[in-house]
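>>> Here is my input; please provide its structure:
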Amino acid sequence: MSNRLGALALVMLMGSACTSGGSESTLPIFPAPTPPSTTETFTGTVQVGSGDVHTFTATAGAISITLTDAGPPASILVGLGLGSVSGTDCVFFNGAAVSAQGGGTTAQLSGTLSTGGSLCVEVFDIGNQTAAITYSVTVVHL
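Just a heads-up that it's a prediction; the model follows:
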């Protein structure tokens, strides 16, 4: 029995000595961790000929904005824009304002922020409102 155990130990040592293919060891490569995103939901009312601005802080990285509800009527198109705060105004980034209909789950605005900071989202009348509307908008950012 002791001869069998001694032979087994010798085989195990020889096997472990043979598996060392070189003097360098390679660590597995893992992708960089993705920072958690922040989801903010803003609600409000847009009066005829007006807009409603909400501010938030984001870091550089992905951002998406979804108008999840607007109306009445549910079919109304409203303006939706992303920009930076200037006094009480939201100054939209180039190409970051669209006409949107509420009720969707797909972002109407999305992209990548090259820098972070104090940002704003505005929901506004594009000239077709006959009465005040209420809305809900969701912003997902880093």
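>>> Show me what counts as buried in stretch 37-53.
Neighbour-count burial for stretch 37-53 flags 42, 46, 51-53 (criterion: 16 or more other C-beta atoms under 10 Å). All C-beta spots, glycine's among them, are computed from the backbone N, C-alpha and C.
>>> Count the residues that sit near Ala94.
In this structure residue 94 is Asn, not Ala. Number of residues near Asn94 (other C-beta atoms under 10 Å) recorded here: 6.
>>> how about the helices in the chain?
Per DSSP state H, the chain carries helices over the ranges 2-18.
>>> low-scoring stretches of it, by residue?
1-28, 30, 32-33 (pLDDT under 70).
>>> Show me the strands in it, by range?
All strands of the chain, identified by DSSP state E, fall at 38-46, 51-58, 61-71, 77-86, 89-101, 109-113, 117-124, 133-141.
>>> In a markdown table: those strands, plus distance to Pro31.
Formatted as a markdown table, the strands of the chain follow (distance: least, C-beta to C-beta, whole Å):
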| stretch | distance to Pro31 |
| --- | --- |
| strand 38-46 | 21 |
| strand 51-58 | 22 |
| strand 61-71 | 15 |
| strand 77-86 | 28 |
| strand 89-101 | 29 |
| strand 109-113 | 17 |
| strand 117-124 | 27 |
| strand 133-141 | 20 |
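>>> Of all those strands, which one is nearest Ile29?
Checking the strands of the chain against Ile29 by C-beta to C-beta gives strand 61-71 as the closest, at 22.0 Å.
>>> Residues touching that closest one, excluding its own?
Residues outside strand 61-71 that contact it (C-beta atoms under 8 Å, 6 or more residues apart in numbering) are 35, 37, 41, 76, 78, 80, 82, 100-113, 116, 121, 123, 133-142.
>>> redo that, cut-off 7 Å
Defining contact as C-beta atoms under 7 Å, 6 or more residues apart in numbering, one finds that strand 61-71 is touched by 76, 78, 80, 82, 100-113, 121, 123, 133, 135-142.
>>> For Thr106, which non-adjacent residue is closest in space?
Thr66 (6.9 Å; C-beta to C-beta, 6 or more residues apart in numbering).
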